[in-house]
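Asks: sequence unavailable; structure follows:
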């Protein structure tokens, strides 16, 4: 199955899907629009150390100081929030950082898997080339089906070699 078959088309005929885009790959390697490029920075900013330190300082100011008897004005609490807001913001920062880590690991793993698959296909092709007689004895007859990403052999004779076989 090709990657094009794995994902649904971006636009299903309504305006909302063209605005939101595909939900099959929420962490696309390359953002398609300017909005996507800007939104890609939101988790990085949320999970940054300065932002977490700022929220912890806000938590100390709005939660710990009033417990110790320091008066915090109502306007400050209205603007800064309360303990529920501050703790949920810190939780969102942790979640954003975890998500970024998982997305990066998934991309690395996918690249390694693609490399392994290409190596396995090339090894398979070479084994059929070297041991063509044994492959034919096992019933693997005919030319080897090549994957579109595989590089064709350097010899440009156009005729299959004497030891080519198929799975």
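Replies: Nice, thanks for sending it over. Worth saying up front: this structure is predicted, and the values here are computed from it rather than measured. Numbers count the residues shown, from 1 in each chain.
Asks: could you use CA atoms for every contact and neighbour count after this?
Replies: Fine.
Asks: in the chain, what secondary structure element scores lowest on mean pLDDT?
Replies: When the helices and strands of the chain are scored by mean pLDDT, DSSP states H and E, helix 3-6 comes last with a mean of 46.
Asks: quick one, strands of the chain?
Replies: Secondary structure of the chain (DSSP state E): no strands located.
Asks: distance check, residue 73 against residue 65.
Replies: Residue 73 is 12 Å from residue 65, where distance means C-alpha to C-alpha, to the nearest Å.
Asks: and the two? which has more neighbours close in?
Replies: Between residue 73 and residue 65, counting by other C-alpha atoms under 10 Å, residue 65 is the more crowded of the two (13 against 9).
Asks: avg pLDDT for stretch 49-64?
Replies: Average pLDDT, stretch 49-64: 88.
Asks: give the buried residues for that stretch.
Replies: By neighbour count on 16 or more other C-alpha atoms under 10 Å, the buried set for stretch 49-64 is 51, 52, 55, 56, 58, 59, 61, 62, 63.
Asks: same question for stretch 93-103.
Replies: Going by neighbour count (16+ other C-alpha under 10 Å), the buried part of stretch 93-103 is 93, 94, 96, 97.
Asks: adding pLDDT and distance to residue 128, write those out as TSV.
Replies: Shown next, in TSV, are the buried residues of stretch 93-103 (pLDDT from 0 to 100; distance: C-alpha to C-alpha, whole Å):
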residue	pLDDT	distance to residue 128
93	89	53
94	87	51
96	87	48
97	87	47
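Asks: just the helices in the protein please.
Replies: According to DSSP state H, the chain carries its helices in the segments 3-6, 15-20, 34-39, 42-46, 49-59, 65-67, 74-80, 83-130, 132-137.
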